[in-house]
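Peer 1: Quick one: sequence plus predicted model below, questions after.
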Amino acid sequence: MNTKDVMREIGRIVDGVKTAVFATVDDDGRPSMRWVTPVLLRGRTGALYIVASPNSNKVRHVRKNPDVQWMLQTKPLDTIINIYGKVNVLDNPSIRNEVLEVVGPRLHAFWQVTHDERDLLVLETIIQKAVYYVSMKGAKEAVLF
């Protein structure tokens, strides 16, 4: 498996499930996980994106420590991908609009508490490593980016 294969699988899972678990390191050095709605952007291979409120815990965490982990899984849990990377906090209207165009309709609960999309930041995870599991086959493969 190579990086293109892994990105294709990430895209398949994101398109199918539309959610993932995103883990940061909190202020006490402990893992902090939350469900998020990720997006892949065409032409930006090797990265995952989410939107976040500037005052959210996850933004505070990644500003202090940009190391993150993601877990993506298919609904039947037969394929799981753990992603390790570093986050860039982007305050750029163009990239925000690009991400929101894809992910905006999926954020029903998010829009209940966020009213002005111009206040949002984009968290860009640059993938450094992905570990691909096929649970029914007992297969596991790590791919460095």
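Peer 2: Nice, thanks for sending it over.

Peer 1: so after the longest helix along the chain, what's the next helix or strand?
Peer 2: Counting residues, the longest helix found in the chain (DSSP state H) is helix 3-17. For helix 3-17, the following helix or strand on the C-terminal side (DSSP states H and E) is strand 20-25.

Peer 1: what about that next one, average pLDDT?
Peer 2: For strand 20-25, mean pLDDT rounds to 98.

Peer 1: and if you look at stretch 121-130?
Peer 2: For stretch 121-130, mean pLDDT is 98.

Peer 1: What are the buried residues along it?
Peer 2: By 16 or more other Cβ atoms under 10 Å, the buried positions in stretch 121-130 come out as 121-125, 127, 130. C-beta here means a position set from N, CA and C on the backbone, and glycine is covered the same way.

Peer 1: and what of stretch 30-50?
Peer 2: Counting neighbours by 16+ other Cβ under 10 Å, stretch 30-50 gives 36-41, 46-50 as buried.

Peer 1: And stretch 75-83, by the same measure?
Peer 2: 79-83.

Peer 1: Next: stretch 3-18.
Peer 2: Those would be 6-7, 9-10, 13-14, for stretch 3-18 by 16+ other Cβ under 10 Å.

Peer 1: what about the helices in the protein?
Peer 2: Under DSSP H, the chain gives helices at 3-17, 57-64, 93-103, 108-113.

Peer 1: got a list of contacts for the longest one?
Peer 2: Contact partners of helix 3-17, identified using Cβ atoms under 8 Å, 6 or more residues apart in numbering, comprise 20, 38-40, 45-46, 48, 72-75, 79, 81, 83, 130, 132, 143, 145.

Peer 1: switch to 6 Å and redo it
Peer 2: Helix 3-17 has contacts (Cβ atoms under 6 Å, 6 or more residues apart in numbering) with 38, 40, 45, 72, 74, 130, 143, 145.

Peer 1: Tell me the spacing between residue 2 and residue 86.
Peer 2: Remark: distance between residue 2 and residue 86 (Cβ to Cβ, to the nearest Å) = 21 Å.

Peer 1: Would you mind telling me which of the two has the busier surroundings?
Peer 2: For the pair residue 2 and residue 86, the greater number of neighbours falls to residue 86 (14 against 9), based on other Cβ atoms under 10 Å.
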